[in-house]
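Chemist: Let's see this in three dimensions:
(one chain, ligands or ions: 1)
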Amino acid sequence: MARLNRPTAEQMVRRLKLSGSEDVLEVGVGPGLGLELLHPGARRLCGVDPSPTMVRMASCRVPAAEVRETGVSSLPWGDASFDRICSMNSVMLWPDLRHDLRELVRVLRPAGRLVIAVRDHSIERKYGGMLRSEIDGVVDTLRSLALSVKLGHHQAVAYIEAVR
Ligand SMILES: C[S@@+](CC[C@H](N)C(=O)[O-])C[C@H]1O[C@@H](n2cnc3c(N)ncnc32)[C@H](O)[C@@H]1O
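Modeler: Below you'll find the model as predicted:
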């Protein structure tokens, strides 16, 4: 999986367009590959994951990151805390997409950028992912929250890029 995830993490970070002065949040950090690649480009780096094991692994891997043990549904930060928010291979596990996407938008600053990467099962059914209709549902929900949204693909991974 790690071998497959690296290109996804690289694409996700590239699409975030970091300049080094942004406060960044990753949701569903897992063992910390995304955080590792985000770290050089972020001013402040935070992450969440509901799994204590993943929080421990990610924190060991990137000690500079502030990783909290919680899910996406109730983020422990105030409104408009982050310039960039990202997530890879996690959105298909979120319990209440409409609520959870609204929670992301709550902590995203005006003009902030959000990138969600998820395997597109309509292209290749492998590991965790979503059908195209489910991915379109994420896009529609973000648009209904007044974000400007673009959907792109690289290999079998969908990248939902949204700007507030
Ligand atoms: C397939 S792993 C991906 C980990 C990492 N992003 C990667 O691609 O290497 C999915 C991750 O999402 C986390 N997760 C599950 N439910 C979640 C939720 N409600 N909110 C945030 N993260 C969640 C899991 O604990 C797990 O670490």
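
Chemist: Show residues contacting the lengthiest strand in the chain.
Modeler: What stands out as the longest strand in the chain, according to DSSP state E, is strand 108-119. By Cβ atoms under 8 Å, 6 or more residues apart in numbering, the surrounding residues in contact with strand 108-119 are 8, 11-12, 15-17, 80-92, 104-105, 126-130, 135, 138, 142, 147, 156-164. No exception for glycine: its C-beta is placed from N, CA and C like everyone else's.

Chemist: So which bits of the following helix or strand past it are buried?
Modeler: Tracing the chain past strand 108-119, the next element assigned as helix or strand by DSSP states H and E is helix 132-144. For helix 132-144, the neighbour count (16 or more other Cβ atoms under 10 Å) marks 134-135, 138-139, 141-142 as buried.

Chemist: Restrict the residues you listed to those that also contact the ligand, please.
Modeler: Among the buried residues of helix 132-144, not one lies near the ligand by Cβ under 6 Å from any ligand atom.

Chemist: Output these in TSV, with pLDDT appended to each entry.
Modeler: TSV is the format used below for the buried residues of helix 132-144 (pLDDT from 0 to 100):
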residue	pLDDT
E134	96
I135	97
V138	98
V139	98
T141	98
L142	98
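
Chemist: Just the closest residue of the chain to the ligand, please.
Modeler: Nearest residue of the chain to the ligand: G30, at 2.3 Å (Cβ to the nearest ligand atom).

Chemist: Now that residue. Nearest residue, chain neighbours left out?
Modeler: M54 (5.3 Å; Cβ to Cβ, 6 or more residues apart in numbering).

Chemist: Spell out which residues of this structure are next to the ligand.
Modeler: Going by Cβ under 6 Å from any ligand atom, the residues of the chain near the ligand are 5, 27-30, 33-34, 48-51, 54, 71-72, 88-90, 93-95, 128.

Chemist: Filter those down to the buried ones, PyMOL style.
Modeler: In PyMOL syntax, the buried subset of the residues of the chain next to the ligand is picked out as below (16+ other Cβ under 10 Å):
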select buried, resi 5+27+28+29+30+33+34+48+49+54+71+72+88+89+90+94
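
Chemist: what does the helix ranked longest in the chain rub up against?
Modeler: Longest helix in the chain, counting residues (DSSP state H): helix 2-16. The contact list for helix 2-16 (Cβ under 8 Å, 6+ apart) reads 22, 24, 31, 33-34, 37-38, 41, 84, 86, 88-89, 113, 115, 117, 127, 152, 154-155, 157, 159, 161.
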